[in-house]
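Enquirer: Okay, structure incoming, though there's no sequence with it:
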């Protein structure tokens, strides 16, 4: 939802250049192999390997197309274990990247990039993480965690408030208990 908000509302209105980076919930949460959580995060971790293969060969925009296609399949179509070859074909990307799914050589790159994000926000967070430059250097925040992608002026107001709060000395956190699940809206 956060990516959709950034892509649909914030990026065009604020002329942002977005660089998409991985965060592996397999690495972050280290679930036991016998837990029900392991299989889905193992699969999405392996999709991150494909993402990084695309990013290395074809760049940020192509990697984003893969990410967006994965989001459509997983969140809108409830196809939790979609095959990388399907995602690549649907995104119009080279099928050869599918090899990366089983190639753990990509794990060090995923961990390195993930660690850069966590270094900006701390280890006691999850996803999403947003980072941006300020006059005082690069900062990062966890969130926003949203159940719907805000649109129009509301979406821009949330962005502007987030930037203001996160650049204020001494500001750390806003939180409340979620009372609804994600509403993914129309399939992008």
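Expert: Arrived safely, thanks for sending. The model shown is predicted, which means the values in this text are computed figures rather than measured ones. Numbers count the residues shown, from 1 in each chain.
Enquirer: Give me the three-state assignment for residue 140.
Expert: At residue 140 the chain is in strand, as set by DSSP: H, G, I helix; E, B strand; the rest coil.
Enquirer: residues touching it, list them.
Expert: Residues counted as contacts of residue 140 (C-beta atoms under 8 Å, 6 or more residues apart in numbering) are 117, 120-121, 129-131. Heads up, the C-betas are built off the backbone N, CA and C, glycines and all.
Enquirer: Filter these down to the ones in helices?
Expert: Using DSSP state H, the members of the contacts of residue 140 that fall in helices are 117, 120-121.
Enquirer: how much distance is there from stretch 162-180 to the middle of the chain?
Expert: Mean-position distance between stretch 162-180 and its chain equals 19 Å (C-alpha atoms, centre = their mean, to the nearest Å).
Enquirer: Mind giving me the packing neighbours of the helix ranked longest in the chain?
Expert: Assignment by DSSP H gives helix 38-58 as the longest helix of the chain. Packing partners of helix 38-58 (3 or more C-beta pairs under 8 Å, 6 or more residues apart in numbering; DSSP states H and E): helix 25-29, helix 60-71, helix 84-91, helix 107-121.
Enquirer: Pipe those helices into TSV and attach distance to residue 139, mean pLDDT and mean neighbour count per row.
Expert: Formatted as TSV, those follow (distance: least, C-beta to C-beta, whole Å; pLDDT from 0 to 100; neighbours: other C-beta atoms under 10 Å):
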stretch	distance to residue 139	mean pLDDT	mean neighbour count
helix 25-29	20	96	16
helix 60-71	21	97	19
helix 84-91	31	98	18
helix 107-121	6	96	16
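Enquirer: For residue 78, find the nearest of the ones you listed.
Expert: Between residue 78 and these, the tightest spacing by C-beta to C-beta is seen for helix 60-71, at 12.1 Å.
Enquirer: what does that closest one rub up against?
Expert: 3-4, 7, 18-20, 44, 47, 50-52, 54-55, 82, 87-88, 90-93, 97, 188.
Enquirer: got the angle between it and helix 38-58?
Expert: Following axes from the mean of the first three to the mean of the last three C-alpha atoms, to 10 degrees, one obtains 160 degrees for the angle between helix 60-71 and helix 38-58.
Enquirer: Pull the contacting residues for residue 154.
Expert: Residue 154 touches nothing, counting by C-beta under 8 Å, 6+ apart.
Enquirer: I should have written residue 109 there, sorry.
Expert: Applying C-beta under 8 Å, 6+ apart, the residues near residue 109 are 52, 56.
Enquirer: Quickly note the distance from it to residue 21.
Expert: 10 Å (C-beta to C-beta, to the nearest Å).
Enquirer: Done for today, thanks.
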